[in-house]
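Asker: Output the structure for:
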Amino acid sequence: MTVFYVDIDGTLTDAPEKRWGKIYQDRIDKIKELCVNNVVVIWSAGGWKYAIDFCKQYKLQPTAILPKPDFIVDDISSIRTEGIIKIINPENITKL
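Answerer: You can find the predicted model right below:
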């Protein structure tokens, strides 16, 4: 089983800067397939309710739906997280 974190705007739609852009149906279909045997988390900077509404609209059934995080705490510095503040050393979480 593989874990996928999937953004909405600009990933499942054509417009990263606006909500409810034109969808990429082939991507939506692939995510539906992945949801069957994998952990799929749908997330968006548009927030939790927006992500839920999007999933309902396009009949996506992910494992979880989340807002895009403000912070990520991880020990691996190579994780791609442009636009998100990441904390590489988990010990630094106490400094927030």
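
Asker: Please count neighbours and contacts with C-alpha atoms only from this point.
Answerer: Noted.

Asker: Return the set of buried residues in stretch 11-27.
Answerer: Neighbour-count burial for stretch 11-27 flags 12-14, 19-20, 23 (criterion: 16 or more other Cα atoms under 10 Å).

Asker: from the residues you listed, which ones fall inside helices?
Answerer: Secondary structure assignment by DSSP state H places none of the buried residues of stretch 11-27 in helices.

Asker: From those residues, pick the one nearest N37.
Answerer: Nearest to N37 among the buried residues of stretch 11-27: L12, at 19.6 Å, using Cα to Cα.

Asker: For the buried residues of stretch 11-27, give me a markdown table that also has distance to G47 and pLDDT.
Answerer: Output for those, formatted as a markdown table (distance: Cα to Cα, whole Å; pLDDT from 0 to 100):
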| residue | distance to G47 | pLDDT |
| --- | --- | --- |
| L12 | 15 | 87 |
| T13 | 16 | 88 |
| D14 | 18 | 85 |
| R19 | 11 | 73 |
| W20 | 13 | 73 |
| I23 | 18 | 90 |
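
Asker: would you list those in JSON lines and tack on distance to D53?
Answerer: Formatted as JSON lines, the buried residues of stretch 11-27 follow (distance: Cα to Cα, whole Å):
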{"residue": "L12", "distance to D53": "14"}
{"residue": "T13", "distance to D53": "14"}
{"residue": "D14", "distance to D53": "17"}
{"residue": "R19", "distance to D53": "11"}
{"residue": "W20", "distance to D53": "10"}
{"residue": "I23", "distance to D53": "14"}
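
Asker: which one among these gets closest to V41?
Answerer: Proximity of those to V41 (Cα to Cα) peaks at L12, which lies at 13.0 Å.

Asker: Spit out the contact partners of that closest one.
Answerer: Applying Cα atoms under 8 Å, 6 or more residues apart in numbering, one finds that L12 lies in contact with 23-25, 27-28.

Asker: State the distance from the nearest residue to P62 once chain neighbours are set aside to F4.
Answerer: Nearest non-adjacent residue to P62, counting by Cα to Cα, 6 or more residues apart in numbering: V40, 5.0 Å away. Separation of V40 from F4 (Cα to Cα, to the nearest Å): 5 Å.
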